[in-house]
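> take a look and give me a structure for this.
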Amino acid sequence: MKRGAHIVNDVSGLTKEPRFADLCAKYNAGYILMHSQGDPKTMQKNPSYVDLIGEIGSFFEEVIQKLKKKGVQTVIIDPGIGFGKLLSHNLELIANLSHFKKLKVPIMVGASRKAMIGQILDGRPASDRLTGTIAVHYHCLMNGADILRVHDVKEAMDSVKVYNSLRGFSNHLE
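Residues are numbered from 1 along each chain as shown. Okay, here's the model as predicted:
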């Protein structure tokens, strides 16, 4: 943190390097807790879940508790779109992001240009997934995402501005 790092984005959720909790606590850095199933080299071979939302929710609860006990003040959760998950898993996660709001921590989603979008769009390459990405981001925001990890910053900011304007207008009608 002496060099300016203020957040640790751990794709292993403390499983590969549990000392990240101590590091974040010591330097008052935020910690992004991502869920992934399996090793990065093999995680897409045959991912399976009995209760996707329940299993990931339990994982988050357990690790958040560990992080808080270590003194980590800022925790952000990331359900790990594409990390040990099939297309159906990713779609279920996006549709049920609001389930994780009960954890009372910000939810980050990294779906930008992901393979799931290519699958939906008949094999389209990553370089041609912007429109699909924006659509996924919009649904993530509608379902409870607080933070989006993006590649196309200007386009993402434009879509968030539109989302916030529409959301603000609809809130005035209630």
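> C-alpha only now, for contacts and for neighbours.
Noted.
> and the gap between residue 101 and residue 145?
Using Cα to Cα, to the nearest Å, one obtains 9 Å as the distance from residue 101 to residue 145.
> whoops, residue 118 was the one
Taken as Cα to Cα, the span from residue 118 to residue 145 is 21 Å.
> comparing those two, which residue is more hemmed in?
Of the pair residue 118 and residue 145, residue 145 is the one with more neighbours under other Cα atoms under 10 Å, namely 22 against 18.
> got a pLDDT number for the more buried one?
What the model reports for residue 145 is a pLDDT of 97.
> next: residue 40.
Looking at residue 40, its pLDDT reads 73.
> can you count the residues close to it?
By the measure other Cα under 10 Å, the count of residues near residue 40 is 12.
> which secondary structure state does it sit in?
coil (DSSP: H, G, I helix; E, B strand; the rest coil).
> swap in residue 77?
Reducing the assignment to helix, strand or coil with three-state DSSP, the entry for residue 77 is strand.
> show me where the chain has its helices.
19-27, 52-70, 87-95, 115-120, 130-142, 153-173 (DSSP state H).
> hmm, back to that, joint contacts of residue 101 and residue 145?
Jointly contacting residue 101 and residue 145 under the rule Cα atoms under 8 Å, 6 or more residues apart in numbering are residue 107.
> just checking, residue 12 touches residue 38?
No. Counting by Cα atoms under 8 Å, residue 12 stays clear of residue 38, with 9.1 Å between them.
> residue ranges with poor pLDDT in this protein?
Applying pLDDT under 70 to the predicted model, the residue ranges of the chain that meet it are 1-4, 170-174.
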